[in-house]
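Chemist: Coordinates for the following, if possible.
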Amino acid sequence: MKLNCDLGESFGSWKMGMDEMVMPHIDQANIACGFHAGDPVIMSRTLSLAKQYSVEVGAHPAYPDLVGFGRRSMNCSAAEIVAFMHYQIAAMDGMALSQRIEIQYVKPHGALYNDMMAKDDVRAAIMTAIASYHRPIKLMLQATPQSDVHRAEAKEAGIDVLFEAFADRCYDDDGKLLSRTKSGAVHTREKMLEQVKQLNEEGTLTTVSGHTLKIDADTLCVHGDNEEGVKAIEEIRKVINA
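Modeler: Numbering: from 1, shown residues only. From the prediction side, this is the model:
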């Protein structure tokens with residue numbers, strides 16, 4: 001199971017995350033494309049950093065919501081979603097190619113990601129955007145008990161998918177992430193490492209009510225926006241490599 005992390009989310013003089021400390025420990029970097037965070041200089045620097053550590057690169061597009069960091073849902077048409085997806089992917093793709101890097105996948109950010117998982121029409125529009133891009137590229141989405149359905153949708157659209165799980169988040173019994181408004185939504189370090197070990201060794205996780213949930217994940221999302229988070233990534237890497 002690979003490790004992925006959302007990076008390149010600084011903007012201008014505003015700094016977000018600790019990309020330089022995180023990059024050596026991950027396999028996949030989801031790099032912001034400028035709509036929720038990131039700018040041309042940040043995108044270029046993050047791509048260069050990924051190249052330095054031989055980290056696979058993915059585009060991390062969002063709703064056009066720079067003020068809200070892409071965490072607010074927007075009522076966009078399918079045509080709008082396809083267009084702003086192409087716009088952001090192409091920007092990242094072009095900048096990557098200038099450094100002799102080829103982006104491998106797309107992982108939507110924030111509210112766009114959540115809407116993709118919750119709304120059939122949004123997910124269909126995103127898959128259409130991926131399928132109609134000028135070259136093959138994979139889509140990363142959340143591993144859930146409905147992954148077989150999503151895999152079938154992707155096959156019909158003519159695209160390949162990657163499924164991800166989350167190291168530090170608690171899950172509902174239906175496989176969705178427990179809302180951050182609820183107690184226990186974000187795991188302690190001890191619970192996080194237990195969840196990673198269970199996912200890595202058994203392909204399951206324990207839900208908020210204690211049920212065992214089968215999760216078929218290709219990659220694990222980790223967060224490193226502070227020193228404690230970076231230390232946690234180092235520990236997660238040790239668990240996966242054990």
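Chemist: just the helices in the chain please.
Modeler: 19-22, 40-52, 78-97, 110-118, 120-131, 147-157, 189-202, 227-241 (DSSP state H).
Chemist: For residue 140, which of those is the nearest?
Modeler: Closest approach to residue 140 among those (C-beta to C-beta): helix 110-118, 9.0 Å. Just so you know, the C-beta spots here come from the backbone N, C-alpha and C atoms, and that holds for glycine as well.
Chemist: Now mean neighbour count too, for the helices of the chain, in CSV please.
Modeler: As requested, these are arranged in CSV below (neighbours: other C-beta atoms under 10 Å):
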stretch, mean neighbour count
helix 19-22, 20
helix 40-52, 18
helix 78-97, 18
helix 110-118, 20
helix 120-131, 19
helix 147-157, 15
helix 189-202, 16
helix 227-241, 16
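Chemist: nearest to residue 68, of these?
Modeler: helix 110-118 (8.2 Å).
Chemist: what sits up against that closest one?
Modeler: Residues outside helix 110-118 that contact it (C-beta atoms under 8 Å, 6 or more residues apart in numbering) are 36, 61-63, 65, 69-74, 107-108, 122-123, 126, 141-142, 144, 176.
Chemist: Report the buried residues of stretch 31-42.
Modeler: 31-39, 42 (16 or more other C-beta atoms under 10 Å).
Chemist: what's the span of it, first residue to last?
Modeler: Separation of the first and last residues of stretch 31-42 by C-alpha to C-alpha, to the nearest Å is 9 Å.
Chemist: What's the mean pLDDT across it?
Modeler: What stretch 31-42 shows for mean pLDDT is 95.
Chemist: Burial check on residue 72, number of neighbours?
Modeler: Here the number of neighbours of residue 72 (other C-beta atoms under 10 Å) works out to 12.
Chemist: So which residue is dead centre in the protein?
Modeler: In the chain, the residue lying closest to the centroid (C-alpha atoms, centre = their mean) is residue 107, at 4.7 Å.
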